[in-house]
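**Q** This is a predicted model, with the sequence first.
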Amino acid sequence: MRTARRYVAIGSALSVTLNIIDGASGPDGRNVKTPDRVKAHVERLREEIRRHEHLYYVLDQPEITDAEFDALMKELKELEAEHPELATPDSPTRRVGGKPREGFVKVKHSSPMLSLDNALNEGELRDFDRRVADLLANEPYRYVAELKLDGLSLAVHYRDGVLEQAITRGDGEVGEEVTENARTIHSLPLRVEDRLPGFEVRGEALMNKRAFARLNEEREAQELSRFANPRNAAAGALRALEPWVTASRKLDYQPYFLLVDGRMHLDSQWESLDALQKMGFHVNRNRKLCGGIEDVLEFCQQWESRRDTLAYEIDGVVVKVDSVAQQARLGWTAKAPRWAIAFKFPARQEETDVENIEVQVGRTGALTPVAHLSPVSIGGVTVTRATLHNEDEIKRLGLHIGDRVLVERSGDVIPKVVRVVKEGQHRREFHMPSRCPVCGGDVVREPGEVAWRCINTNCPARLKESVRHFASRGVMDIDGMGDVLVDQLVDRGLVKNVADVYELRVEDLEGLERMGEKSAKKVWTNIQSSRQRPLPRVLNGLGIPFVGERTAQILAETFGSLDEIAGADAERLQEAEEVGPKVADSILHFFHERHNRELVERLRAAGLVFRHDIKPKTGGKLAGLTFVLTGTLPAMTREEAAEKIEAAGGKVTGSVSKKTNYVVAGAEAGSKLAKAEKLGIPVLDEAGLLDMLK
Ligand code: IVH
């Protein structure tokens, strides 16, 4: 899914259209809004917003741009502020804005939220099937196979179609009421059109891998501890006392049960899932109605090998007897149903030896210990290193060099050491170095911090990391400026700060290792085109502590120019959303330092973008063109491609129709590509798209 950047609401042609439709025209041609008209208009806006939320968050097929969506939302918010009597709890504006609270109220579930027994291999799954067959005295039965989503279970109650209460699983009998937080989950409808007076859905709240990676990047930039996995991040989000924290974590909700009075409402699980989908919930599409255990096994094998292709984490497959009548006959044990089982994928953990511990120096000078491992294959990937985060973590693990450890790899996360399994015979204690391993400079550990830091601002390791960050894809995006090149540029003294990058000549690059004439020219050209990157990226590239991608975006959108940001005092900086005293202090401190001010001036002289246009782009190379993205592109994610297209004035939609101008297809493009070919719509590859953007 594209990242929604919804910090600043922008006026758009669409809201104007709605105004004209709904506003009654007075004799002088001006809109005169009678109370009934306003009410009808508000209702219509809500309907429209709900439809777009469903298209975007559930179907992943947006029809309008973020700016257009923002405009609708802004209009609704303004109308509700002007007419408080029209506010309703199911209005889309109620997703955010819940007040912080002091704790959570405990609530008893309508029926216990039990857990599932596990099957750890094919044999155990076949045993389960045999028990089911025996208990059902060999009458025919079917299974529904669903993905086992790795999040947290959440029960959500609706009354007269309106979301009323959300309760965490808790101990299964009693959970915590987290309604305000749940409201911020965009794929969870605040209101559904259904004749049922009251019902409950049970399902999984989860965070997708990309949102998780971004969150950890942000946290790292703010020197907060990383979350170990998306599940923990989602759990923290759901139980946050401030609903805006939940909102910022962008959770998803995928239901798997539909209940009335604590019991299954329909006759079969398969029908329930379909019904939930029709009601507008985000039901997982990867499900199968299976005639027997062989079908189930095939589904399990298929998803075990494909789990990395999913945008979210799964840890197995849940197998349920489809018929609710048969479920009732099979019944429950004290803690789990007899009619369902969780087939757990093998954990992606393996044992190996820690051969050494190396200390790396990051951009902010933080010293990070990294374990060098005897190579071990974990779920098809050879792992040779695992992060140990910091000194305290090594102490917590009781880890020595030479120990045998359990290493875990989960999805996109860097492998990590889970625990020591056996102390090595010749184990050696590890000590953090008392000097920087790269420049030999002093290291300090400030009170309250977990990291030791090299305090030499000219430390080559810090400089290399700063240049790497500056050139990286999400920042100035200088293709070809990878680790090997950056090392050489810094080691040879060609780059002493990031502004030097813009003074490099083709000749400087040509002489370097692995750099022919052609590649030198290419990198040089890429450096030149990076001068056009928008202000948020430049700001992120400066490496101001606590100013990562998101904060940079907010700052640029709030202040409109780098000079405004550099000139603002602490109070003014904190007017920006999510900027608190710590971030404001860091920005002030950065611009206070003479060498940073000089750096900024050199970047200005290099022609980098220092202003940020807050108005939506109307012109642009791709204005008026509609694109559909499909498959895996070689160098960028679909989100990045969408960002580029939109920045150039183009539009990205989710489905191919006659209105589509181009389909951009990567590896394993499926039905969208086929449809484009059928309709004769031109198909581009990534290079073709980049050509159009040039
Ligand atoms: S059905 C009686 N279906 O796995 C409980 N659970 O160990 C039946 N989960 O607590 C739960 N995906 O949090 C079910 N498609 C799915 C699921 C699923 C994930 C979680 C859920 C539950 C745990 C069971």
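**A** Happy to help now that I have it. Numbers count the residues shown, from 1 in each chain.
**Q** Which residues of the stretch 201-350 of the chain lie near the ligand?
**A** Neighbours of the ligand within the stretch 201-350 of the chain, by Cβ under 6 Å from any ligand atom: Glu204, Tyr256, Val318, Pro337, Ala340, Ala342. In short, each C-beta sits where N, CA and C put it, glycine included.
**Q** Of those - the most surrounded one?
**A** With neighbours taken as other Cβ atoms under 10 Å, the top of those is Tyr256, carrying 24 neighbours.
**Q** ok, now which ones touch that one?
**A** Glu146, Arg202, Gly203, Glu204, Leu273, Val283, Asn284, Val318 (Cβ atoms under 8 Å, 6 or more residues apart in numbering).
**Q** nearest residue to Leu188 other than its sequence neighbours?
**A** Tyr253 (4.3 Å; Cβ to Cβ, 6 or more residues apart in numbering).
**Q** So the one you found, which state does it fall into?
**A** Of the three states, Tyr253 takes strand under DSSP: H, G, I helix; E, B strand; the rest coil.
**Q** Would you indicate which residues of the longest helix along the chain are buried?
**A** Counting residues, the longest helix found in the chain (DSSP state H) is helix 35-53. Buried residues in helix 35-53, counted by 16 or more other Cβ atoms under 10 Å: Val38, His41, Val42, Leu45, Arg46, Glu48, Ile49, Arg50, His52, Glu53.
**Q** circling back: just checking, the residue nearest to Leu188 touches Pro189?
**A** No. Between Tyr253 and Pro189 there is no contact under Cβ atoms under 8 Å: 9.4 Å.
**Q** Return the set of residues that bridge with Ala667.
**A** Here Ala667 sits in beta bridges with Thr632, going by DSSP bridges.
**Q** I'd like to check which residues are in contact with it.
**A** By Cβ under 8 Å, 6+ apart, the neighbours of Ala667 are Gly631, Thr632, Leu633, Pro634.
**Q** State the distance from it to Asp60.
**A** Between Ala667 and Asp60 the computed distance is 19 Å (Cβ to Cβ, to the nearest Å).
**Q** now do Ile681
**A** 20 Å.
**Q** Comparing the two, which residue is more hemmed in?
**A** Per other Cβ under 10 Å, whichever of Ile681 and Asp60 has more neighbours is Ile681, with 20 against 14.
**Q** What is the three-state secondary structure of that one?
**A** coil.
**Q** tell me the contacts of it?
**A** With Cβ under 8 Å, 6+ apart, Ile681 has these contacts: Val656, Thr660, Asn661, Tyr662, Val663.
**Q** State the number of residues packed around the last one.
**A** Val663 sits with 22 neighbouring residues when counted by other Cβ under 10 Å.
**Q** Name the helix or strand for it, please.
**A** In the assignment (DSSP states H and E), Val663 maps to strand 662-665.
**Q** Show me what from the chain comes close to the ligand.
**A** Near the ligand, when you scan the chain using Cβ under 6 Å from any ligand atom, you find 114-116, 146, 148-149, 153, 204, 256, 318, 337, 340, 342.
**Q** Assess the claim that Gly291 and Val144 are in contact.
**A** No. With contact defined as Cβ under 8 Å, Gly291 does not reach Val144; the gap is 11.4 Å.
**Q** The two: who's more crowded?
**A** Val144 (23 against 12).
**Q** Contacts only, for the closest residue to the more buried one other than its chain neighbours.
**A** In this structure, Val144 finds its nearest non-sequential neighbour in Gln269, 4.5 Å apart by Cβ to Cβ, 6+ apart. Applying Cβ under 8 Å, 6+ apart to Gln269 gives the contacts Val144, Lys320, Val321, Asp322, Val324.
**Q** Now secondary structure and pLDDT too, for these, in TSV please.
**A** Output for the contacts of Gln269, formatted as TSV (DSSP: H, G, I helix; E, B strand; the rest coil; pLDDT from 0 to 100):
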residue	secondary structure	pLDDT
Val144	strand	98
Lys320	strand	98
Val321	strand	98
Asp322	coil	98
Val324	helix	97
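**Q** All set, thanks.
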